[in-house]
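Asker: Pasted the sequence and its predicted model underneath.
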There are 2 protein chains.
Amino acid sequence: MDTCGPGNHFPAGREAAGAPGLNGAESLVHTLAASGVEVCFANPGTSEMHFVSALDQVAELRPILSLFEGVATGAADGYARMAGKPAATLLHLGPGLGNGLANLHNARKAGSPVVNVVGNHATVHQRFDAPLTSDVEAFARTVSHWVAAPRAARDVGALAARAVQAARSAPGQIATLILPADTAWNAAERPSPALAVAGPAPVGEEAVAQSVAALRRGHAALLLRGAALRGRGLRAAGRIAAATGARLISDTFTPRIERGAGRVVVERLPYRPEPTLAFLGGVETLILVGTQAPVAFFAYPGLPSELTPPDCTPLVLAQPHEDATSALEAVAEALGAKGAPAVAPYRPASAPMDESPLTSEAIMRIVGRLLPEQTIVSDEVLTGGFPNYPLLETSAPCDYLQLTGGAIGDGIPLATGAAVACPGRRVVSLQGDGSAMYTLQALWTQAREKLDITTVIYANRSYAVLREELDKVGAREGAKAFSVLDLHDPSLDWVHLARGMGVEAVRVETCRSFADAFRTAVGTRGPFLIEALV
Amino acid sequence: MDTCGPGNHFPAGREAAGAPGLNGAESLVHTLAASGVEVCFANPGTSEMHFVSALDQVAELRPILSLFEGVATGAADGYARMAGKPAATLLHLGPGLGNGLANLHNARKAGSPVVNVVGNHATVHQRFDAPLTSDVEAFARTVSHWVAAPRAARDVGALAARAVQAARSAPGQIATLILPADTAWNAAERPSPALAVAGPAPVGEEAVAQSVAALRRGHAALLLRGAALRGRGLRAAGRIAAATGARLISDTFTPRIERGAGRVVVERLPYRPEPTLAFLGGVETLILVGTQAPVAFFAYPGLPSELTPPDCTPLVLAQPHEDATSALEAVAEALGAKGAPAVAPYRPASAPMDESPLTSEAIMRIVGRLLPEQTIVSDEVLTGGFPNYPLLETSAPCDYLQLTGGAIGDGIPLATGAAVACPGRRVVSLQGDGSAMYTLQALWTQAREKLDITTVIYANRSYAVLREELDKVGAREGAKAFSVLDLHDPSLDWVHLARGMGVEAVRVETCRSFADAFRTAVGTRGPFLIEALV
């Protein structure tokens, strides 16, 4: 796996540190560290104080404070996408977890491994209707693949090791360990060693053979997601395309894709139903690699939900939990596709750098010209982003992260976690203003951790995507409807908002001033925010 | 019921407006309006566009946009506490509801009526794994007393009427109506008329007689919550106290209490276990009026969860869903307690107005001197608030709202909703800086709606309550533990944050400058924020 962190292949059975005589919280932090968890994105409360105290015992586990839980969970998602392994989150009972659910939903849809540690009342206290009493497990079930709660302190270590194991199950899962306060403060036994993690399941020969046959017939396309969009997997897909003429397509929103110069070019599936059906016209076999057959993001009156055209047959090469990389290499091998794949040249699109007013397109062109090598781009621009996505195809190579679950408010936390995972790499966070407001607290964490993140706010001062949607569903926009889609009156001032959280910022209205600000920002250490009026 | 809104007694059977031939969304808004719902705190998405469009058809339903769902749900809580009836919220699928859960948890613990309208994918679309597909009902169950989803557009009106009825069931419930997009856009039938709402259940004669007997024996205290803390209920409690010497005590955190000059003085139950047990020492009968026997907010090693002292017997006069007001009046009547109750004089505590540095105590003293008549105070100060709570006892009469569910991030939204419910009254929002960060987006709604809210940020730049808690649970604070409890580095700048959302703001460090700023703020229309360094 190409990652910038230590990768997912942490050896099982590594002995956990920590002497006997630990309490449950101490056994937990030692176990997490032994299982390869290096970062804990935290927003703790009273019931997590023993965990907080135990952090000082484990040099390998770095706590990073966020001022809102959605920041912690979104950062864990971004970290996982880039590090290829889970971070922990530390959250406070049901409502604290509640605040983190939207970005855990996004992480779930991304196949990101995340280990949530959620405090709960002491077991003896749970039967009382205290103010913070809630059904923590019910909160956890909404987004988790795996949920457990120890009944006693001595169970904490073993369950923590299983939580990490569950999170690391391919392609990546949400594991939630609910920690009653007394299981944190009571005496535990030794921490647990790391448990073995099975890699992605191998793909059967028949699936490979069927794909090879379909590719030989022609009029095929590969729909790619996950590991198929980077490193060996993407190069194998490129060889297949070169040998057969097959189209390479990514999901509309993918967790992570390698783009830019030197990379195989992948088309992006459109967002709306009609263009998607047209886009897939002429494709007779749609080979699914780590993904599912395309479905509409939303239903619309009179339009289909399934977007595979009637004369196109979907064919599964690799399911999301399967080894897409090896499967693509096996297909390429069977096809005799040994040549180097066609890759994009370094030839950034032209960009206006004059006094003309900024547009979403101009921003992407300028970003494309000035993007440093190996940047990580977090894209949550929505309306302003779609049409301009191809403009980065021939820019410097980058990793590109998208909103996978549609729960807006992922972008700034995602950038934050990616920067934690990859110190030394620049992160550029392209962000719509409406969606930025859900988790703007992430800027404070960027400042505290001095992360090299350049945030570009596309300030159109509107839920622009919803005004399009209102039209698409055939609804009408009267004065009251307008009032809940418009963000003027008052206009958000992102320079003030960023400075309020310790992030330096500037507002720009022309292409030249944006280019100047962006050039300076990506050349400077630490976070910087550009409010781009579009 | 003393409210500043139209009250809870909306006549059942009122005919809903709206012609036949409506779609489901239109039948919903007409039904909500017919059922007495006047405000919808909205953060919509694509699947709610027909609802948004329908808003323009109903003059009685006012949409108020928030830029984060926790603002919408917290505002609905504040509105309900002051209006005595539910507002609607409009939220977007599982993750949007997820963002609103923490403040719905607080509303649930407050006994506030809230009607959530949560969009979902069209029924035909739910079986696909689209990005935003989730188990919306699972999200809803975490906090809701009542959940339903129509299967067809023609069911929407009837279910909406039942949702309002459920929300209005005493003392107030969380009702969540999940609205698949096709049930909004398909043709419906007529809207539904309002359904009858049963008032609070009457208290039996035996409960009254037992309380009377206990009060006659002496060494009794009344523990009050809900309607017992205002209007007729509070006055009856005052007469009982005057006649029998019984102590009057409120829960540590109550949804709403009438305080200040002309009101019966009520002691506040302490926060921590040991002081609570000491506080209740000598009480032989604890008469519960609209509340439960006291339990600890959190469990602590070696301390009890139940805080009724061993030699004290709890006795239920009125359960939360019962008619505490009539029960207290019946007790007073049986005791012959006809005289006027003792009430607080108007005699504000002394306040420093000089150049001395601000403290939490000085803030409360100054607020107490300068508080306008009939202010609504929202208190989410935590560490800085507790010891200074009694200082408002002899200030101008006010309604005082507290954090009922312990899920921090309620205060600014609560103030917002209270101001919407009570135009013409001043709202003062006393707010810790750590908890303010969870829902700071509420400031934007305050600016857009030009609400008369004065926010005071107690800027101690720390999760101070947690540093106390770390000590209380016997845990240690090393460098890493400190790092997740401290909010310096960088310091939040609330003047910038407020201005970023269109709210004028000032930072003060001395008593004189705070007094000047507060006097100006409460005398000016619209929102204003004071960052008070303490």
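Answerer: Looks like it came in fine.
Asker: Spell out which parts of the stretch 101-250 of chain A neighbour chain B.
Answerer: Applying CB under 8 Å from any CB of the partner chain, one finds that the stretch 101-250 of chain A approaches chain B through A:101-102, A:105-106, A:109, A:121-122, A:124-125, A:128-132, A:134-135, A:138-139, A:141-143, A:181-182, A:185. (Glycine included, C-beta is placed from N, CA and C.)
Asker: one more time with 10 Å
Answerer: By the rule CB under 10 Å from any CB of the partner chain, the part of the stretch 101-250 of chain A lying against chain B is A:101-106, A:108-110, A:119, A:121-143, A:180-182, A:184-186.
Asker: which among the residues you listed end up buried?
Answerer: The neighbour-count criterion (16 or more other CB atoms under 10 Å in any protein chain shown) marks A:101-106, A:108-110, A:119, A:121-123, A:125-126, A:128, A:130-134, A:136-143, A:180-182, A:184-186 among those as buried.
Asker: In PDB, list the C-alpha atoms belonging to stretch A:417-436.
Answerer: The C-alpha atoms that make up stretch A:417-436 are tabulated as PDB, following Å, rounded to 0.1, in the frame of the first residue of the first chain:
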ATOM      1  CA  GLY A 417      -5.900  14.600   9.700                       C
ATOM      2  CA  ALA A 418      -4.100  14.200   6.400                       C
ATOM      3  CA  ALA A 419      -1.500  16.700   7.500                       C
ATOM      4  CA  VAL A 420      -1.000  14.900  10.800                       C
ATOM      5  CA  ALA A 421      -0.500  11.700   8.900                       C
ATOM      6  CA  CYS A 422       2.000  13.200   6.400                       C
ATOM      7  CA  PRO A 423       4.300  15.800   8.000                       C
ATOM      8  CA  GLY A 424       6.500  17.400   5.400                       C
ATOM      9  CA  ARG A 425       3.800  17.300   2.700                       C
ATOM     10  CA  ARG A 426       1.600  20.400   1.900                       C
ATOM     11  CA  VAL A 427      -2.100  20.000   2.200                       C
ATOM     12  CA  VAL A 428      -4.500  22.200   0.200                       C
ATOM     13  CA  SER A 429      -8.100  22.300   1.400                       C
ATOM     14  CA  LEU A 430     -10.500  23.500  -1.200                       C
ATOM     15  CA  GLN A 431     -13.700  24.300   0.600                       C
ATOM     16  CA  GLY A 432     -17.200  25.700   0.000                       C
ATOM     17  CA  ASP A 433     -18.200  28.300   2.500                       C
ATOM     18  CA  GLY A 434     -21.500  26.600   3.400                       C
ATOM     19  CA  SER A 435     -20.000  23.300   4.200                       C
ATOM     20  CA  ALA A 436     -17.000  24.900   5.900                       C
END
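Asker: Quick one: distance of that stretch to the chain centre.
Answerer: 11 Å (CA atoms, centre = their mean, to the nearest Å).
Asker: So for that stretch, what gets flagged as buried?
Answerer: Quick answer for stretch A:417-436 (16+ other CB under 10 Å): A:417-422, A:425-436.
Asker: wait, does it contact chain B?
Answerer: Yes: residues of stretch A:417-436 are located near chain B by CB under 10 Å from any CB, namely A:433-436.
Asker: Walk me through the domains of chain A.
Answerer: Residue ranges for the structural domains of chain A, counted by automatic domain parsing, are given in the record as A:24-185, A:205-335, A:360-533.
Asker: Tell me which of the ones you listed sits most buried.
Answerer: domain A:24-185 (a mean of 26; mean count of other CB atoms under 10 Å in any protein chain shown).
Asker: those strands in the stretch 151-300 of chain A, which residues are they?
Answerer: Ranges of strands in the stretch 151-300 of chain A, per DSSP state E, counting those that start in this stretch, are A:174-180, A:220-224, A:247-250, A:257-259, A:267-268, A:285-289.
Asker: what does the stretch 251-400 of chain A have sitting close to chain B?
Answerer: Residues of the stretch 251-400 of chain A that fall close to chain B, judged by CB under 10 Å from any CB: A:251-253, A:292-302, A:304-307.
Asker: and residue A:112, how far is that from residue A:255?
Answerer: The spacing between residue A:112 and residue A:255, counted by CB to CB, to the nearest Å, is 7 Å.
Asker: And for residue A:410?
Answerer: To residue A:255, residue A:410 is 11 Å away according to CB to CB.
Asker: Now the common contact residues for the two.
Answerer: Shared contacts of residue A:410 and residue A:255, defined by CB atoms under 10 Å, 6 or more residues apart in numbering or on different chains, are found at A:77-78, A:106-107, A:110, A:401-404.
Asker: The lengthiest helix in chain A - what's its average pLDDT?
Answerer: What stands out as the longest helix in chain A, according to DSSP state H, is helix A:93-110. Summarised as a single mean, pLDDT over helix A:93-110 is 98.
Asker: before we move on, the earlier item: make CSV out of the residues of stretch A:417-436 next to chain B and add pLDDT and secondary structure.
Answerer: Formatted as CSV, the entries for these read as follows, by pLDDT from 0 to 100; DSSP: H, G, I helix; E, B strand; the rest coil:
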residue, pLDDT, secondary structure
A:433, 94, helix
A:434, 94, helix
A:435, 96, helix
A:436, 97, helix
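Asker: can you list those residues in TSV and add distance to residue B:282?
Answerer: Conversion of those to TSV gives the following (distance: CB to CB, whole Å):
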residue	distance to residue B:282
A:433	59
A:434	57
A:435	57
A:436	56
